[in-house]
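Trainee: sharing a model that was predicted from the sequence below.
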Amino acid sequence: MGLGETVTLEQLETDPYPVYARLRDDEPVSWVPAVQLWLVTRHDDVRRVDLEPDVFTGATTPSTLNRTMGTNMLGSEGPDQQRVRRITEAPFRPRDVEARMHGMIPKLAHELIDGIADRGEADLFTAFCDPMSVRSLRFMLGLEDVAWEDILAWNQAMMLGLANFEGDPAKQAPADRSSAELGAAIERVLDRLEGGPDGSVLSWMLHHDTDGDRMNRTEIVANTKLMLSGGLQEPRDLIALAVWALGAHPEQLDEVSRDRSLVKRAVEETLRWCGPVGTSTRQTTRSVVFDGVELPEGALIGAVLSSANRDPRRFTDPDRFDVHRNDGAHLAFAIGTHFCLGAWFGRHLARVSLEILLDRLPNLRLDPARPVELRGWEFRAPTSTWVRWDV
Ligand code: HEM
């Protein structure tokens, strides 16, 4: 029996890192029946999967992403994907994000903290990280007309479709219904924007024209759904994970509080040490021998980004959280054709949030009475983030 066959879903959900360490050492390309994927766990191999889209494609068959949202950039490869990337990258560049957000991120952070500052304790996950993430992205995309409760509910139901690898119609039906309702809401905003542009990403996609090449409405709707599904929970989880990682290392939290030039490093080290997105899912376009293992054509691969980020072949003492680390780039946003579109936006949101939390909540620390519990392997996050501060 292969090592992968002994791996259980519960082990991965509870704490995948010891499993990854064993796989990296003894079975770096491993069939794991519990998740029905070939897991690739070494840093250089994960890079190879992401950097060779001709062999390891994001356009999987079936594609739960494309089935639920319509054909989008993460579910495609080649010229179509490159064209949509070219158009959508512009509004997510650092300068553009700041111009589009009009100081909204710090304003929102202060507003949320105003609501809790005199309490001395809170679950930051629900009181801060979640609304920061949802409301900033909604503003950035231009979906201010749409209730954020609706966006969250539709997104939640669409997740069922994304995880529906078995094609169960009972799971797909609510996902399709929500996808249609979200699509109709996006279309209403596009109707309004036909009358005149604003500074939003939706407006950019609708009006941007490179030599007669524009995104059509079907493409805009599908890719907006993808941005929501990719962008709602990850920044929330990243902020919560950064608070947890620093809180679990009080001497480093203290250092970052005193020297704010370390905030940026703290966010990057959080992404490496416990990034919120675990895998790039790909499929082989032909049979390929990989680390001595023959993968057939059509094999589904989980290139495990969070394992690559803890590979001792790449990072010194990788299980140690260290804001002074100087090891170079991590893979928490993947690499290659599908490198995260919202990477800068997510980082910016996390950095500004952390700065303002440290400014406004003196002696911020984890609540020892309500310890943080993390769950998940494809997406890993705290279930709550209880903290205390001095009032
Ligand atoms: C801050 C935390 C975030 C993390 C850790 C993260 C992580 C990732 C990763 C690992 C991928 C590649 C997936 C793959 O290779 O299969 C990805 C792709 C993507 N992300 Fe993010 N993401 C974050 C925030 C965001 C935000 C805020 C947006 C909002 C627009 C976003 C939109 C996307 C999109 C559209 C793609 C697909 C890009 C493509 O296929 O070309 N992400 N993200």
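Mentor: Nice, I can see it. Numbers count the residues shown, from 1 in each chain.
Trainee: residues in contact with whichever residue of the stretch 101-250 of the chain sits closest to the ligand?
Mentor: Nearest residue of the stretch 101-250 of the chain to the ligand (C-beta to the nearest ligand atom) works out as G231 at 2.8 Å. Using the backbone N, CA and C atoms, a C-beta is placed for each residue, glycine as well. Neighbouring residues of G231 by C-beta atoms under 8 Å, 6 or more residues apart in numbering: 133, 137, 342, 345-346.
Trainee: also E268?
Mentor: Taking C-beta under 8 Å, 6+ apart, one finds 330, 347 in contact with E268.
Trainee: look at it and tell me its secondary structure.
Mentor: helix (DSSP: H, G, I helix; E, B strand; the rest coil).
Trainee: could you measure from it over to the ligand?
Mentor: 11 Å (C-beta to the nearest ligand atom, to the nearest Å).
Trainee: near the ligand, which residues of the stretch 51-200 of the chain?
Mentor: 73-74, 85, 137 (C-beta under 6 Å from any ligand atom).
Trainee: how about those, which pair is most distant?
Mentor: R85 and L137 (18.6 Å; C-beta to C-beta).
Trainee: ok, which stretches of this structure are strands?
Mentor: Ranges of strands within the chain are 29-32, 37-40, 56-57, 121-123, 279-284, 288-290, 293-295, 300-304, 365-366, 374-375, 381-382, 386-388, based on DSSP state E.
Trainee: rewinding a little: any idea which of the residues of the stretch 51-200 of the chain next to the ligand has the most stuff around it?
Mentor: Compared across these, L137 has the highest neighbour count, 26 neighbours, by other C-beta atoms under 10 Å.
Trainee: that one against E234, yeah?
Mentor: No. Counting by C-beta atoms under 8 Å, L137 stays clear of E234, with 9.8 Å between them.
Trainee: adding mean pLDDT and mean neighbour count, write the strands of the chain out as TSV.
Mentor: Compiled in TSV, these are given as follows (pLDDT from 0 to 100; neighbours: other C-beta atoms under 10 Å):
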stretch	mean pLDDT	mean neighbour count
strand 29-32	97	22
strand 37-40	96	26
strand 56-57	98	24
strand 121-123	98	19
strand 279-284	96	22
strand 288-290	94	15
strand 293-295	96	16
strand 300-304	97	25
strand 365-366	98	18
strand 374-375	95	14
strand 381-382	96	22
strand 386-388	98	20
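Trainee: would you list the ones you listed in TSV and tack on distance to L354?
Mentor: Listed next are these as TSV, based on distance: least, C-beta to C-beta, whole Å:
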stretch	distance to L354
strand 29-32	35
strand 37-40	32
strand 56-57	34
strand 121-123	15
strand 279-284	26
strand 288-290	39
strand 293-295	41
strand 300-304	26
strand 365-366	14
strand 374-375	18
strand 381-382	15
strand 386-388	12
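Trainee: most surrounded residue in the contacts of G231?
Mentor: G346 (28 neighbours).
Trainee: and the pLDDT for that residue?
Mentor: Note on G346: pLDDT of 96.
Trainee: I'd guessed it sits against L238; true?
Mentor: Yes. Using C-beta under 8 Å, G346 is in contact with L238, at 6.1 Å.
Trainee: OK, contacts around the most centrally placed residue in the chain?
Mentor: By C-alpha atoms, centre = their mean, the chain has its centre lying nearest to E234, at 3.9 Å. E234 makes contacts with 133, 276-277, 342, 346, 379, as judged by C-beta under 8 Å, 6+ apart.
Trainee: pull the most distant pair out of the residues you listed.
Mentor: G342 and F379 (14.9 Å).
Trainee: within range of the ligand, give me the residues from the stretch 201-350 of the chain.
Mentor: Counting by C-beta under 6 Å from any ligand atom, the residues of the stretch 201-350 of the chain that sit close to the ligand are 226-227, 230-231, 234-235, 238, 275-277, 280-281, 305, 332-334, 338, 340-342, 345-346.
Trainee: off-centre distance for the helix or strand bottoming out on mean pLDDT in the chain?
Mentor: In the chain, the helix or strand scored least confidently by mean pLDDT, DSSP states H and E is helix 94-101, which has a mean of 81. Relative to the mean C-alpha coordinate of its chain, helix 94-101 is positioned 20 Å out (C-alpha atoms, centre = their mean, to the nearest Å).
Trainee: repeat that for stretch 286-295.
Mentor: 29 Å.
Trainee: can you list contacts of it?
Mentor: Here stretch 286-295 makes contact (C-beta under 8 Å, 6+ apart) with 28-29, 38, 40, 42, 45, 55, 284, 296-297, 301.
Trainee: just the CA atoms of that stretch, as CSV, please.
Mentor: What follows is stretch 286-295, C-alpha atoms only, in CSV (Å, rounded to 0.1, in the frame of the first residue of the first chain):
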residue,chain,number,x,y,z
ARG,A,286,-0.8,13.6,-21.8
SER,A,287,0.9,10.8,-19.9
VAL,A,288,4.0,12.0,-18.1
VAL,A,289,6.7,10.5,-15.9
PHE,A,290,7.1,12.6,-12.9
ASP,A,291,9.6,11.8,-10.1
GLY,A,292,9.6,8.3,-11.4
VAL,A,293,5.8,8.0,-11.2
GLU,A,294,3.9,7.4,-14.5
LEU,A,295,0.8,9.7,-14.5
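Trainee: could you pull out the helices for the stretch 1-150 of the chain?
Mentor: 9-14, 16-26, 43-51, 64-69, 79-89, 94-101, 104-114, 124, 130-141, 148-162 (DSSP state H, counting those that start in this stretch).
Trainee: lowest average pLDDT across those?
Mentor: Minimum mean pLDDT among the helices of the stretch 1-150 of the chain: helix 94-101, a mean of 81.
Trainee: check which residues of that helix are buried.
Mentor: Buried positions in helix 94-101, judged by neighbour count with 16 or more other C-beta atoms under 10 Å: 96-97, 100-101.
Trainee: one more: stretch 254-264?
Mentor: Those would be 256-257, 262-264, for stretch 254-264 by 16+ other C-beta under 10 Å.
Trainee: can I get the residues you listed in a markdown table including pLDDT and distance to L357?
Mentor: Formatted as a markdown table, the buried residues of stretch 254-264 follow (pLDDT from 0 to 100; distance: C-beta to C-beta, whole Å):
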| residue | pLDDT | distance to L357 |
| --- | --- | --- |
| V256 | 98 | 11 |
| S257 | 97 | 10 |
| L262 | 97 | 14 |
| V263 | 98 | 10 |
| K264 | 97 | 15 |
